[in-house]
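Novice: When you get a sec, could you give me coordinates for this:
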Amino acid sequence: MTVSDPLLRSAAPVSTVNSLGFAKPPAQTRVVVAMSGGVDSSVVAAMLAAQGYDVIGVTLQLYDHGAALAKKGACCAGQDIHDARRVAERIGFPHYVLDYENKFRESVIEEFADAYLAGATPVPCIRCNERVKFRDLLETARDLDADCMATGHYIRRLEGPHGAELHMAADPNRDQSYFLFSTTQEQLDFLRFPLGGLASKAETRALAARYGLAVADKPDSQDICFVPNGNYASVIEKLRPGAADPGEIVDMDGNVLGTHRGVIHYTIGQRRGLGIGGLGDPLYVVRLEPETRRVVVGPKEALATKIVPVTEVNWLGDEPFTGEIAISARIRSTRPPRPAILRGTGDRRAEIELLAPEEGVSPGQACVFYATDSTRVLGGGWIAHRRGG
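Specialist: Residues are numbered from 1 along each chain as shown. Below you'll find the predicted structure:
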């Protein structure tokens with residue numbers, strides 16, 4: 001199938017380096033494309049095939065919605081696999097489905113449940129990228145003698161003076177750098193992100209339509225894949241029976257204001273749904289104490305935080321991870337990066353000092369580091385606990 005591709009004009013001549021950075025023709029360059037069944041990864045596969053690359057599509061069966069939600073016939077994962085297979089058949093490249101359900105449960109779902117039980121607010125999409133897609137699937141790509149692996153993520157891989165660098169996507173509304181901070185340098189050398197330079201999602205859908213893909217108008221997924229209705233607590237209760245034990249809602253002095261139906265139903269910064277109205281000024285969840293089954297509430301100013309300890313730091317900067325480093329820090333995927341100081345405090349541990357306090361800093365969320373003068377991602381870590389400042 002021959003398709004005129006608007007991205008071809010940016011490719012280097014085959015006599016030097018191809019569009020994926022290899023000094024050989026596309027036909028001699030094997031690319032494994034991680035295909036989720038959505039429009040983004042489908043366009044990546046079709047685009048690279050149109051450019052003449054030796055494309056192999058791989059889809060991971062990670063979960064069964066029917067098992068996760070205890071509903072018969074709710075397996076959306078099956079439809080996604082079907083959609084990926086249809087794209088491969090239309091364009092004409094090999095496509096494989098790998099059963100990673102056990103790996104996904106062990107590496108992602110179990111930790112998700114345990115983190116919630118410990119009073120944290122986890123981000124399982126990051127763990128999935130880190131432990132499944134960019135670890136296990138990447139090794140599968142190497143086993144298939146691939147030169148690289150491509151995904152549909154909106155993030156850019158740019159060559160810098162010291163090697164490959166990770167940068168935010170050209171479209172800030174689609175940027176997924178928060179979810180990919182734990183990508184290691186070795187993984188980055190092998191990965192490619194063809195959509196990172198597009199100006200908007202509309203361009204992706206236009207390309208899907210040009211390639212004649214049935215998924216061109218497929219809606220984006222909005223929820224965590226194994227929690228499709230957004231009800232985290234119901235999934236956790238099924239995974240951990242008895243997890244929703246009731247307890248007390250207390251103020252910051254320990255005074256009992258009411259009762260709750262389980263710590264897993266609450267997150268840091270939550271205001272609505274506390275069931276303790278009529279107390280005057282609004283109250284927010286400022287801390288969760290799963291050991292005592294207490295939800296601690298307080299005024300909005302009690303949420304303000306300047307010092308953020310992080311663990312499991314992944315550092316992608318050129319300079320050694322020592323001393324004080326001026327960065328921009330993002331503490332939630334929905335918030336912009338803010339000026340901060342990064343201080344290493346031990347093996348893969350650091351302390352982030354936010355120059356202006358942030359509200360709702362939650363254990364279990366990621367804190368992602370960016371360069372202050374560019375779009376470069378310098379790494380990140382996991383927020384360990386919260387201290388006021």
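Novice: What does the pLDDT read for Gly37?
Specialist: For Gly37, the model assigns a pLDDT of 92.
Novice: Likewise for Arg272?
Specialist: 87.
Novice: Likewise for the one 10 residues further on?
Specialist: At Pro282 the predicted local distance difference test score is 89.
Novice: now do Met1
Specialist: For Met1, pLDDT reads 44.
Novice: same question, the one 5 residues further on
Specialist: For Pro6, the model assigns a pLDDT of 48.
Novice: And the strands in the stretch 51-200 of the chain?
Specialist: Secondary structure of the stretch 51-200 of the chain (DSSP state E, counting those that start in this stretch): strands at 54-61, 95-99, 148-150, 155-160, 163-168, 191-192.
Novice: before we move on, what about the stretch 251-389 of the chain?
Specialist: 256-260, 284-289, 294-298, 305-315, 324-330, 338-346, 349-358, 366-370, 376-383.
Novice: Which one of these lies nearest to Leu188?
Specialist: Between Leu188 and the strands of the stretch 251-389 of the chain, the shortest separation by Cβ to Cβ is 9.7 Å, and it involves strand 376-383. Every C-beta, even on glycine, is put in place using the N, C-alpha and C of the backbone.
Novice: State the mean pLDDT of the closest one.
Specialist: 97.
Novice: which other helices and strands contact it?
Specialist: Judged by 3 or more Cβ pairs under 8 Å, 6 or more residues apart in numbering; DSSP states H and E, the packing partners of strand 376-383 are strand 163-168, strand 305-315, strand 366-370.
Novice: what's the offset of that strand from the middle of its chain?
Specialist: Relative to its parent chain, strand 376-383 has a centroid offset of 12 Å by Cα atoms, centre = their mean, to the nearest Å.
Novice: just to revisit the earlier point, dump the helices and strands packed on strand 376-383 to JSON lines, plus distance to Arg330 and mean pLDDT.
Specialist: Converted to JSON lines, the helices and strands packed on strand 376-383 look like this (distance: least, Cβ to Cβ, whole Å; pLDDT from 0 to 100):
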{"stretch": "strand 163-168", "distance to Arg330": "10", "mean pLDDT": "97"}
{"stretch": "strand 305-315", "distance to Arg330": "11", "mean pLDDT": "96"}
{"stretch": "strand 366-370", "distance to Arg330": "5", "mean pLDDT": "97"}
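Novice: and among those, the most buried is which?
Specialist: With neighbours defined as mean count of other Cβ atoms under 10 Å, these peak in mean count at strand 366-370, which reaches a mean of 26.
Novice: Strand partners (parallel or antiparallel) of that one?
Specialist: The strands beside strand 366-370 in its sheet (DSSP bridges) come out as strand 324-330 (antiparallel), strand 376-383 (antiparallel).
Novice: Identify the residues contacting it?
Specialist: Strand 366-370 is contacted from outside by 123, 126, 168, 177-178, 181, 308, 310, 317, 327-331, 333, 337, 342, 352, 376-383, using Cβ atoms under 8 Å, 6 or more residues apart in numbering.
Novice: quick one on the thing from earlier: so can I have TSV of the helices and strands packed on strand 376-383 showing distance to Leu207?
Specialist: Formatted as TSV, the helices and strands packed on strand 376-383 follow (distance: least, Cβ to Cβ, whole Å):
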stretch	distance to Leu207
strand 163-168	21
strand 305-315	31
strand 366-370	28
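Novice: Restricting to C-alpha, output stretch 286-300 in CSV.
Specialist: Below are the C-alpha coordinates for stretch 286-300, written out as CSV (Å, rounded to 0.1, in the frame of the first residue of the first chain):
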residue,chain,number,x,y,z
VAL,A,286,-5.0,16.8,54.1
ARG,A,287,-3.8,13.4,55.2
LEU,A,288,-4.7,9.8,55.2
GLU,A,289,-3.8,7.5,58.0
PRO,A,290,-4.6,3.9,56.9
GLU,A,291,-3.0,2.4,60.0
THR,A,292,-5.7,4.0,62.3
ARG,A,293,-8.3,4.2,59.4
ARG,A,294,-8.5,8.0,59.9
VAL,A,295,-9.1,10.6,57.3
VAL,A,296,-7.6,13.9,58.5
VAL,A,297,-9.2,17.1,57.2
GLY,A,298,-8.3,20.8,57.5
PRO,A,299,-8.5,24.2,55.9
LYS,A,300,-7.2,24.8,52.4
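Novice: List the buried residues of that stretch.
Specialist: By neighbour count on 16 or more other Cβ atoms under 10 Å, the buried set for stretch 286-300 is 286-288, 290, 294-298.
Novice: which one of these sits closest to Leu20?
Specialist: Closest approach between the buried residues of stretch 286-300 and Leu20, by Cβ to Cβ: Leu288, at 45.5 Å.
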